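> got a structure for you, letters missing:
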């Protein structure tokens, strides 16, 4: 009987020992897992946050570099197309530059043409005044010859004209006749003098544009024009108006 009871108690003891061993194994495993589980500290949290910020900055820079490096990553055919487009734009810009340069040169030529035209007008006006085909105004003198007895001859007027020309008179008018390079004088029957075919009656008036002092001095030379007028029975007077206007013109 006692032997049977011992055989029954042995399995129960074995079962309890096994449960106890399994319990200790679970505790040891839990302890080991606790040691292996990472523990978040304040330093680790800050380091993680810095890594996050740095990662965001790296991603942003990569995207920017990617946008700026389109040409570097483009295919060969894309680069050829881009180069062709740039070449066409360059050709168009060169053509625009040539057009602008041509326009500038044309404007400069027009400006020079205007200047040349203005110079030509001035020269034409000067030649017209000298030729007697245009009126003129300037400083000068007025010579009046009185001849009530009509004894002054054409030679005296011719001497007066020549003396004024020699003294630098540029424009001369005799009564209503404009003197020219081929002006001539002739005595008219019954008195008076014809100038270039136009009969003039005294008094005779010379309007001469030039240096007033030089012209007056030339006419007053002893034994000159003024003396010849007196010897012919006439009288002469010289005045220097502020402005002399020669309005008579010769036919072209």
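The structure has been received and is ready for your questions. All of these numbers come straight from a predicted model, not from anything done at the bench.
> how are the strands of the stretch 151-252 of the chain distributed by residue range?
Under the criterion DSSP state E, counting those that start in this stretch, strands of the stretch 151-252 of the chain are mapped to 171-174, 177-178, 185-187, 193-195, 198-200, 204-209, 235-239, 244-246.
> what is the burial count for residue 126?
Burial of residue 126, expressed as a neighbour count using other Cβ atoms under 10 Å, amounts to 13. C-beta: built from backbone N, CA, C; applies to glycine.
> what do you get for residue 99?
Residues near residue 99, counting by other Cβ under 10 Å: 10.
> re earlier: in JSON lines, list the strands of the stretch 151-252 of the chain along with mean pLDDT and mean neighbour count.
Shown next, in JSON lines, are the strands of the stretch 151-252 of the chain (pLDDT from 0 to 100; neighbours: other Cβ atoms under 10 Å):
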{"stretch": "strand 171-174", "mean pLDDT": "96", "mean neighbour count": "24"}
{"stretch": "strand 177-178", "mean pLDDT": "95", "mean neighbour count": "21"}
{"stretch": "strand 185-187", "mean pLDDT": "93", "mean neighbour count": "15"}
{"stretch": "strand 193-195", "mean pLDDT": "93", "mean neighbour count": "21"}
{"stretch": "strand 198-200", "mean pLDDT": "92", "mean neighbour count": "15"}
{"stretch": "strand 204-209", "mean pLDDT": "96", "mean neighbour count": "24"}
{"stretch": "strand 235-239", "mean pLDDT": "95", "mean neighbour count": "16"}
{"stretch": "strand 244-246", "mean pLDDT": "95", "mean neighbour count": "19"}
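> of all these, which lies closest to residue 217?
Checking these against residue 217 by Cβ to Cβ gives strand 235-239 as the closest, at 10.0 Å.
> any idea of the angle the closest one forms with strand 204-209?
Our comparison of strand 235-239 with strand 204-209, counting by axes from the mean of the first three to the mean of the last three Cα atoms, to 10 degrees, yields an angle of 30 degrees.
> shaky segments in this protein?
Along the chain, segments meeting pLDDT under 70 span 1-82, 84-86, 89, 107, 110-113, 115-116.
> any idea how far residue 145 is from the residue lying closest to residue 149 once chain neighbours are set aside?
The shortest distance from residue 149 to any non-neighbouring residue, by Cβ to Cβ, 6 or more residues apart in numbering, is to residue 233 (5.3 Å). Remark: distance between residue 233 and residue 145 (Cβ to Cβ, to the nearest Å) = 11 Å.
> and for residue 96?
Per Cβ to Cβ, residue 96 is found 74 Å from residue 145.
> which of the two has more residues huddled nearby?
Here residue 96 and residue 145 are set side by side on neighbour count (other Cβ under 10 Å), and the busier one is residue 145, at 22 against 10.
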